[in-house]
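Asks: Mind looking at a prediction? Sequence and model below.
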Protein chains: 2
Amino acid sequence: MLKEIFLVEGAGFCFGVKRAIDIAFDVAKKHKEGVFTLGPIIHNSQVVEKLEDLGVHPIEDINRENIKTLIIRAHGIPREKYEEIKQLDIEIIDATCPFVKKAQSIAEKLAAEGYQVLIIGDKEHPEVKGIFSYAGKKGAVISSQEIPTLNKKIGIIQQTTQPMSKVKEIMNKIINSLNEFEEIRIFNTLCNFTSKRLQATEKVAKEVDVMIVVGGKNSANTSQLANLCKKLGVTTYHIEEAKEIDKSWFKSAKKIGITAGASTPQWIINEVIDKIKSL
Amino acid sequence: MLKEIFLVEGAGFCFGVKRAIDIAFDVAKKHKEGVFTLGPIIHNSQVVEKLEDLGVHPIEDINRENIKTLIIRAHGIPREKYEEIKQLDIEIIDATCPFVKKAQSIAEKLAAEGYQVLIIGDKEHPEVKGIFSYAGKKGAVISSQEIPTLNKKIGIIQQTTQPMSKVKEIMNKIINSLNEFEEIRIFNTLCNFTSKRLQATEKVAKEVDVMIVVGGKNSANTSQLANLCKKLGVTTYHIEEAKEIDKSWFKSAKKIGITAGASTPQWIINEVIDKIKSL
């Protein structure tokens, strides 16, 4: 029986992660020694290992002597760390995601203009720590429904990966907490990649007989994709690698859909496609 | 029995109305002929009549020949009308309330910078018509819960007399209607006079035995004051003029509170105070 494969548009790495990895591989080609990334370039061990093989090593801090080139990962880093690195005699390759960079620069501008900068996001996330460092003394991160004491001039931005629904919920909460405000300036710093991938996955899932969702079993966004597909009633398999695939899954399937989480490299997706084609 | 009278702070005319009337009386003193106001200076016939006696006449439009001086009332006027008047050989006295002027100039600035200007207020109110004329082609007035199609860059302002509770409600609605926005800029253009008067009235009403609320029976904000007092359990009389007062109201009262709506002139309040004192 002839089978059709539908790959969801935007499955796998987001723009910023892809760009950072491309930069890292590119640097690996040109420099043979002393190349490091400040923290793992992404939270995917296979990618980190591949780069290690090419001589790009993740380090937690800059307290070592043989650093020649330092790559800043997609999440970005706090301003103080950046200033510290700039003092050293090393080449800096900034692979901060442009969307994160935009959020940092809006935070900086708002703080300079006297706004209390509120960042909707997860306090502990490296991206948020970086953005927060640009938010000035009055800056605050809002992770939950707890709203800090509001100043008269408020600037609101978001961690790039926050879901719009949560952002709206917290913005409403801020509005309801207002007293005698002067001005509120809200910038959209969301990267709508996650929501677009969910939408594209939904579209494919509605048209196929089986959905293969590729990504870490403990990846929140991959599980979200798998749950969406199951909810739509399509037979769904959540796998991490091609070797998990079983021929029997596709016995009566004419149309097969494939989607993948943000931490899934393209080559793993390709292996999955090849494996299905080979069956 | 000795009686004490407590006058609510801020009872009667708001800052902008008071200022416009002062300006009109001032002009009346200096100019003896050809002085007009575009529309009645305020919606209070006694004030308008007093000014008429001094030679200041309300006109609905500028199509007459004997205009030497034209006073623009507190509500302000649309930009087009202002441009039209500027072409004429007449003296313009602009008594537009500074808070309204501020809302007009923010609307103009936001429109010039490409924002879709949303005005929370009453479409039919002369103040809103004036502000709206500065809001550019994309501008819209939101009177109810119906939110227009939102652009990517949104500027939000308010009719100066809107209650904060309604403003918050509509701002929440706008946030919930957002799709892929870029930026939202909210300026507070409310004059908090109305809410402050309500607060001050509440404070006095809680301490007295009888409340006298002075203002038009069909004045929304005066009725709001009267209802608040009744709700607080104090014996309340809503009157328009001093002559309505009956001695029997104060038989067992030691403390008497007086408040007044935004359209009530000071002299009417003074007459009320004098009448009570004379009893």
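Replies: All right, it came through fine. Numbers count the residues shown, from 1 in each chain, chains lettered A, B, ... in the order given.

Asks: Show me what from chain A comes close to chain B.
Replies: A:164, A:168, A:171-172, A:175-176, A:178, A:180-188, A:192 (C-beta under 8 Å from any C-beta of the partner chain). Bear in mind the C-beta positions are built from the backbone N, C-alpha and C, glycine included.

Asks: Quick check: the residue of the stretch 1-150 of chain A nearest chain B.
Replies: A:Ile106 (9.4 Å; C-beta to the nearest C-beta).

Asks: distance of A:Val48 from A:Phe36?
Replies: 12 Å (C-beta to C-beta, to the nearest Å).

Asks: Give me the common contacts of those two.
Replies: A:Pro58 (C-beta atoms under 8 Å, 6 or more residues apart in numbering or on different chains).

Asks: Model confidence at the residue of the stretch 1-150 of chain A closest to chain B, what's the number?
Replies: pLDDT, A:Ile106: 98.

Asks: buried ones in the helix or strand where A:Ile256 lies?
Replies: Using DSSP states H and E, A:Ile256 sits within strand A:255-260. Across strand A:255-260, burial judged by 16 or more other C-beta atoms under 10 Å in any protein chain shown covers A:256-260.

Asks: before we move on, back to that, which one is the residue of the stretch 1-150 of chain A closest to chain B nearest to, not counting chain neighbours?
Replies: With sequence-adjacent residues excluded and distances taken as C-beta to C-beta, 6 or more residues apart in numbering or on different chains, A:Ile106 is closest to A:Phe187, at 5.0 Å.

Asks: list the contacts for that neighbour?
Replies: Per C-beta under 8 Å, 6+ apart, neighbours of A:Phe187: A:106, A:110, A:155-157, B:182-183.

Asks: Let me know the closest of those residues to A:Asp246.
Replies: A:Ile157 (45.4 Å; C-beta to C-beta).

Asks: Pull out the buried residues from the contacts of A:Phe187.
Replies: A:106, A:110, A:155-157.

Asks: just those residues now: which is nearest A:Glu9?
Replies: So of those, ranked by how close each gets to A:Glu9 (C-beta to C-beta), first place is A:Ile157, at 27.5 Å.

Asks: Please identify which helix or strand holds the closest one.
Replies: Assigned by DSSP H and E, A:Ile157 belongs to strand A:153-158.

Asks: now do A:Glu108
Replies: Using DSSP H and E, A:Glu108 falls in helix A:98-112.

Asks: who does the helix or strand following that helix pair up with?
Replies: Sequence-wise, the next helix or strand downstream of helix A:98-112 (DSSP H and E) is strand A:116-120. Paired strands of strand A:116-120, with direction, are strand A:140-142 (parallel), strand A:153-158 (parallel) (DSSP bridges).

Asks: What's the mean pLDDT across the following helix or strand past strand A:116-120?
Replies: Counting by DSSP H and E, the next helix or strand C-terminal to strand A:116-120 is helix A:126-132. Average pLDDT, helix A:126-132: 95.

Asks: May I see the buried residues of helix A:126-132?
Replies: Buried, per 16+ other C-beta under 10 Å, within helix A:126-132: A:126-132.

Asks: Export the residues you listed to CSV and append columns for distance to A:Ile119.
Replies: Shown next, in CSV, are these (distance: C-beta to C-beta, whole Å):
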residue, distance to A:Ile119
A:Pro126, 13
A:Glu127, 10
A:Val128, 6
A:Lys129, 10
A:Gly130, 10
A:Ile131, 6
A:Phe132, 6
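
Asks: Any regions of the stretch 101-250 of chain A where pLDDT drops low?
Replies: Scanning the stretch 101-250 of chain A for pLDDT under 70 picks out the ranges A:220.

Asks: Apart from its neighbours in sequence, what residue is nearest A:Ile93?
Replies: A:Ile71 (4.6 Å).

Asks: Could I get the pLDDT score of the one you found?
Replies: pLDDT, A:Ile71: 96.

Asks: That one against A:Thr37, yeah?
Replies: Yes: between A:Ile71 and A:Thr37 there is a contact at 4.4 Å, judged by C-beta atoms under 8 Å.

Asks: Give the residues shared as contacts by these two.
Replies: In contact with both A:Ile71 and A:Thr37: A:24, A:56, using C-beta under 8 Å, 6+ apart.

Asks: Is it correct that the residue of the stretch 1-150 of chain A closest to chain B is in contact with A:Ile157?
Replies: Yes: with contact defined as C-beta under 8 Å, A:Ile106 reaches A:Ile157; the gap is 5.6 Å.

Asks: what do the two both touch?
Replies: What both A:Ile106 and A:Ile157 touch, as defined by C-beta under 8 Å, 6+ apart, is the set A:187, A:189.

Asks: all helices of chain A, in order?
Replies: With helices called from DSSP state H, chain A shows them at A:15-30, A:45-53, A:79-86, A:98-112, A:126-132, A:164-177, A:193-205, A:220-231, A:266-278.

Asks: Pick the most buried one from the ones you listed.
Replies: The highest average neighbour count among those, using mean count of other C-beta atoms under 10 Å in any protein chain shown, belongs to helix A:126-132 at a mean of 23.

Asks: next one: that helix to chain centre, how far?
Replies: Here helix A:126-132 is found 13 Å from its chain centre; the criterion is C-alpha atoms, centre = their mean, to the nearest Å.

Asks: Counting by contacts, list what that helix packs against.
Replies: helix A:98-112, strand A:116-120 (3 or more C-beta pairs under 8 Å, 6 or more residues apart in numbering or on different chains; DSSP states H and E).

Asks: Look up the closest residue to A:Phe193, ignoring the ones flanking it.
Replies: A:Cys14 (4.4 Å).

Asks: hang on, the one you found packs against A:Ser263?
Replies: No: A:Cys14 sits out of contact with A:Ser263 when judged by C-beta under 8 Å, with a separation of 9.4 Å.

Asks: For the residue nearest to A:Phe193, grab the count of nearby residues.
Replies: A:Cys14 has 23 neighbours, counted by other C-beta atoms under 10 Å in any protein chain shown.

Asks: residue contacts, it?
Replies: A:191, A:193-194, A:262.

Asks: how close does it sit to B:Ile258?
Replies: According to C-beta to C-beta, A:Cys14 stands 65 Å off from B:Ile258.

Asks: ok, now A:Gly34?
Replies: Distance from A:Gly34 to B:Ile258, by C-beta to C-beta: 82 Å.

Asks: pretty sure A:Lys230 contacts A:Tyr237?
Replies: No: using C-beta under 8 Å, A:Lys230 is not in contact with A:Tyr237, being 10.2 Å away.

Asks: Excluding sequence neighbours, find me the nearest residue to A:Leu279.
Replies: Nearest non-adjacent residue to A:Leu279 (C-beta to C-beta, 6+ apart): A:Lys247, at 5.0 Å.
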